[in-house]
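**Q** requesting a structural model of the entry that follows:
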Amino acid sequence: MIEIANISERPGATDSLVSWNFDYWSERTPEVNLTDWEIFYQLCLESRQFEIPQTLV
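**A** Down below sits the predicted model:
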């Protein structure tokens, strides 16, 4: 069964998301570093439902 949830409901997923995105995008967007991804997902965690940025996991 697949469950889709807002990242604010699954804060433990951020470490994996940061790592996956950095690994995938680092060669394509060298100007975005690991700290940038961490900040992005922290903003997602702090966002309320339907605010941007938003991440579904």
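
**Q** phi and psi next, for Asn6.
**A** Phi and psi for Asn6, reported as degrees, to the nearest 10, are phi -70, psi 140.

**Q** any idea how far Met1 is from the residue nearest the centre of the chain?
**A** Nearest to the geometric centre of the chain sits Tyr41, at 3.9 Å (C-alpha atoms, centre = their mean). Applying C-beta to C-beta, to the nearest Å, the value for Tyr41 to Met1 is 25 Å. Any C-beta I mention is one placed from the backbone N, CA and C, and that applies to glycine too.

**Q** got it, and Leu34?
**A** 32 Å.

**Q** next one, pLDDT for Gln49 please.
**A** At Gln49 the predicted local distance difference test score is 68.

**Q** buried sites along stretch 10-21?
**A** Neighbour-count burial for stretch 10-21 flags Arg10, Ala13, Thr14, Leu17, Val18, Asn21 (criterion: 16 or more other C-beta atoms under 10 Å).
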